[in-house]
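K.L.:
What would the 3D arrangement of this be:
(one chain, ligands or ions: 1)
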Amino acid sequence: MMAKGLPHQQPIEGVKNIICIASGKGGVGKSTVAVNLALAVAADNPKFKVGILDADIYGPSIPKLMNLSGEPLLTADKKMEPLVNYGIKCMSMGFLVDEAAAMVWRGLMVMSAIDRLLRQVDWAPLDWLIVDMPPGTGDVQLSISQNLPLKGAVLVTTPQDIALADVRRGTTMFRKVHVPVLGMVENMSVFVCPKCGHTEHIFGHDGAHTLAEELGIEVLGSIPLDKHICELSDSGQPVVIADPEGSQPIAILSGQPVA
Ligand code: ADP
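P.N.:
The predicted structure is shown next:
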């Protein structure tokens with residue numbers, strides 16, 4: 001069965017459920033959450049086939065986070081084969097062009113590139129496709145949200161006021177196009193000193209919970225600012241795989257997506 005949606009929404013062949021991971025600005029950990037959520041969903045239920053689409057055309061980070069490189073092969077019917085690591089099928093503009101090339105693209109080119117990455121890829125069969133959205137709430141994000149039969153959106157934020165304001169904008173955008181907001185993930189919520197155990201709320205305190213209450217959305221989990229997460233991610237070893245015991249806050253998320 002394929003994901004059904006509103007009339008203007010085009011399903012992706014062989015893909016049952018699509019959810020997107022969004023953020024108002026870059027650098028808040030959206031891709032880190034997308035990757036670890038995909039892995040946690042697959043780890044939770046080994047029968048699930050899971051994929052990640054890197055729709056962050058201007059700053060594709062899935063190749064690095066998933067330790068993948070090279071160009072996709074073509075199938076007999078000229079579809080691109082996703083690259084696979086840790087059992088997750090991945091597609092990213094980073095496999096196709098030099099990062100600098102995409103930097104000069106305008107909105108329409110970005111949209112058609114994302115459309116290609118979604119529809120000219122041999123995803124089937126997939127139970128879950130996690131879409132790592134481009135940061136922001138502009139035209140590109142709006143048209144992805146409108147054109148895909150999304151089961152829901154997860155918003156990633158830091159506790160900073162400026163990032164939280166983006167969650168408000170993101171929630172408004174998704175609600176406008178009838179995409180359920182599954183909740184928000186508060187990343188870099190607290191720093192725990194590895195030497196003395198002192199906790200410091202570097203980017204602020206409680207803001208995410210207050211805003212979530214006001215918007216009527218759930219805080220799905222809070223992830224600490226942790227050197228370990230950064231080092232593992234940047235060396236292509238997602239923390240859910242490399243340190244399953246230490247990644248409970250992320251694993252909790254895997255129970256959340258709607259089936
Ligand atoms: P985005 O997709 O929002 O641009 P990324 O997921 O690429 O953000 O993360 C940006 C940088 O922050 C990466 O180097 C990543 O390893 C690091 N990072 C993300 N979350 C954490 C965290 N909780 N603790 C430490 N570093 C983190």
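
K.L.:
Tell me which stretches of this protein form strands.
P.N.:
15-22, 50-54, 83-85, 88-92, 126-132, 150-157, 181-192, 199-200, 219-225 (DSSP state E).

K.L.:
In a markdown table, list these along with mean neighbour count.
P.N.:
Glycine gets a C-beta too; all of them are placed from N, C-alpha and C. Shown next, in a markdown table, are those (neighbours: other Cβ atoms under 10 Å):
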| stretch | mean neighbour count |
| --- | --- |
| strand 15-22 | 24 |
| strand 50-54 | 26 |
| strand 83-85 | 16 |
| strand 88-92 | 25 |
| strand 126-132 | 24 |
| strand 150-157 | 26 |
| strand 181-192 | 22 |
| strand 199-200 | 12 |
| strand 219-225 | 20 |
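
K.L.:
Which of the ones you listed has the lowest mean pLDDT?
P.N.:
The minimum mean pLDDT among the strands of the chain belongs to strand 199-200 (a mean of 82).

K.L.:
want to throw the strands of the chain into a markdown table with distance to the ligand?
P.N.:
Converted to a markdown table, these look like this (distance: least, Cβ to the nearest ligand atom, whole Å):
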| stretch | distance to the ligand |
| --- | --- |
| strand 15-22 | 8 |
| strand 50-54 | 10 |
| strand 83-85 | 17 |
| strand 88-92 | 12 |
| strand 126-132 | 7 |
| strand 150-157 | 6 |
| strand 181-192 | 5 |
| strand 199-200 | 13 |
| strand 219-225 | 4 |
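
K.L.:
For these, could you give me TSV that also reports distance to Asn67?
P.N.:
As requested, the strands of the chain are exported to TSV (distance: least, Cβ to Cβ, whole Å):
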stretch	distance to Asn67
strand 15-22	19
strand 50-54	13
strand 83-85	6
strand 88-92	10
strand 126-132	16
strand 150-157	21
strand 181-192	21
strand 199-200	31
strand 219-225	21
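
K.L.:
Fine by me, thanks again.
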